[in-house]
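# Sequence unavailable; structure follows:
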């Protein structure tokens, strides 16, 4: 094995992600190194169990696309058998190719594995060559060369902690301990958002991005848009080990002339960026890469083009492109450095924003799924949680959402059977989208019925609690939505303590506030009389309760 090769000690693969063409599996081998047999096996898995399409990302990960539901478990098992991944952290270790004397990346990966609380998108770049090659890579920490030894630099800062090869593991271990304790929020968080004070040292060398061609002991070959198919991966892996890089290039032992590989530094495709587009991405309005290929020969020298399937601009290049084509409902919008050229005025508008309501929903839900920690939810629970997070505008809310195992099945079945929805507040009943309800379900709020104030005085309780007494004739089999009053939830639990009280099909318990909210929800989820869900603690409210009902009422996003 060459001295720059590092086997094992790479993070476990991210959980699979649903895309427009099936499940996507992301592999993150340490330093991007794949032995020939491993790369060929990945190509075989992609061809047999996926759609044969793979992508190299700007974080040096290899994405295997198009895995069907009934093949997902087999694909994951076969990838696990390749010995690419070790237990420990999901974080990525990026390695500037062939600059890892003494196995520094492996040593640091061992330190990172001792911190399982690191977020899945956390990354460390080992970039100890004479110039900074990974400065633009999506890493949270950078290990770089300095005149006095090494520096450990926080992403977004030009200065960092002065360290040596001997002290670096201990310094990294202490920094990661502080970050997990203080900077990680609900399994998420990026180092650039953390405000820890770092010591200062010299400014490192400027960043560069290698061009295709010879580089160290290996040859870099660029992939247009980072894309390759299983057959191409198999052919290049037959020549020897394959090194993945964060520049959407692969390193091989020798130059290989293959369609789909670029060795010419002036190839116009190197100035093109394009996401996977439709139909591979469910958010995309149009195919992108065929258009980008067709336009590449027409691109003037010194300019660049970014073709995006939607306004999210997922494939956004490191530097703003000269021209950007963005697909929308009515076709592509062309912009030149932020100035829209397809509108009546070519002047730069003071505020550019998404105006397509459906696109806003799609982009919002995609952002939530990218940022929120949804791994513990079933698909039905995830749909509910995503809408609740959207309504609250709060990634992190998922930490406090709790479902009983039978809740979503019971609630969905009840709604489809025409069950009424009983609401504790008008803000809840008015917010429910009737068009999403599957059976013209009645939405009922009794809070403002004339007899409620008198009942509240007689009961020495709030109007919100007293209003529930009017639910009794409709309570059997109903879906209860409490999003405002803790007293309503407490009173419902007391009602249901009576075995003769009619039983609802399911309870959404999300009252908000500082008095009784946390306690009422804790009581519900600790001993649920029927299938239930809550938002633990003080958070909750009408908006998130409405969002839960709307999500349960329809499979449509």
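Okay, I see it. Note that this is a predicted model, so its numbers are computed, not measured. Residues are numbered from 1 along each chain as shown.

# I'd like the average pLDDT over the one helix or strand residue 152 maps to.
Using DSSP states H and E, residue 152 sits in strand 149-154. Across strand 149-154, the average pLDDT comes to 82.

# Show me what counts as buried in it.
150, 151, 152, 153, 154 (16 or more other Cβ atoms under 10 Å). Yep, even glycine has a C-beta here, placed from its N, CA and C like the rest.

# can you check stretch 54-73 too?
Quick answer for stretch 54-73 (16+ other Cβ under 10 Å): 54-67, 71-72.

# Show the residue spans covered by the helices in the stretch 351-500 of the chain.
Secondary structure of the stretch 351-500 of the chain (DSSP state H, counting those that start in this stretch): helices at 357-371, 379-392, 407-416, 426-431, 452-459, 463-466, 486-496.

# Residue 46: which of those is closest?
Among these, the nearest to residue 46 by Cβ to Cβ is helix 357-371 (23.0 Å).

# Now the closest one: buried residues?
359, 362, 363, 364, 365, 366, 368.

# Of the residues you listed, just say which sits nearest to residue 232.
residue 366 (28.7 Å).

# What residues does that closest one make contact with?
Counting by Cβ atoms under 8 Å, 6 or more residues apart in numbering, residue 366 touches 283, 312.

# any idea of the pLDDT on it?
Confidence for residue 366, expressed as pLDDT, is 88.

# could the helices of the stretch 351-500 of the chain be laid out in TSV, adding distance to residue 400?
What follows is these, written out as TSV (distance: least, Cβ to Cβ, whole Å):
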stretch	distance to residue 400
helix 357-371	15
helix 379-392	10
helix 407-416	15
helix 426-431	19
helix 452-459	30
helix 463-466	22
helix 486-496	15
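
# For the ones you listed, which has the smallest mean pLDDT value?
With a mean of 86, helix 357-371 has the lowest mean pLDDT of the helices of the stretch 351-500 of the chain.

# Run the angle between that one and helix 379-392 for me.
In terms of direction (axes from the mean of the first three to the mean of the last three Cα atoms, to 10 degrees), helix 357-371 departs from helix 379-392 by 110 degrees.

# So what's the gap between helix 357-371 and the chain middle?
The chain centroid and the centroid of helix 357-371 are separated by 11 Å, computed with Cα atoms, centre = their mean, to the nearest Å.

# related to what we said a few turns ago, let me know the closest of the buried residues of helix 357-371 to residue 256.
Each of the buried residues of helix 357-371 was checked against residue 256 using Cβ to Cβ; the closest is residue 366, at 36.0 Å.

# how close does the closest one sit to residue 268?
30 Å (Cβ to Cβ, to the nearest Å).

# What of residue 484?
Remark: distance between residue 484 and residue 268 (Cβ to Cβ) = 59 Å.

# Compare these two (neighbour count), which wins?
Using other Cβ atoms under 10 Å as the criterion, residue 484 and residue 268 rank with residue 484 on top: 25 against 19.

# And stretch 162-173, end to end?
End-to-end span of stretch 162-173 (Cα to Cα, to the nearest Å): 15 Å.

# oh, I was asking about stretch 116-124
End-to-end for stretch 116-124, by Cα to Cα: 15 Å.

# model confidence over it, on average?
On average, stretch 116-124 scores 75.

# Could you number the chain from 49 rather than 1 from now on?
OK, 49 is where the count begins now, so the last one is stretch 164-172.

# distance between that stretch and the chain's centre?
The answer for stretch 164-172 is 13 Å, by Cα atoms, centre = their mean.

# just stretch 523-534 next, same as before
32 Å.

# Would you point out which residue is most central in this structure?
Centroid check for the chain by Cα atoms, centre = their mean gives residue 418 as the closest residue, at 1.7 Å.

# quick one, what contacts the closest residue to residue 225 other than its chain neighbours?
Once flanking residues are discounted, residue 225 sits nearest to residue 163: 7.0 Å by Cβ to Cβ, 6 or more residues apart in numbering. Contacts for residue 163 (Cβ under 8 Å, 6+ apart) come out as 137, 221, 224, 225, 228.
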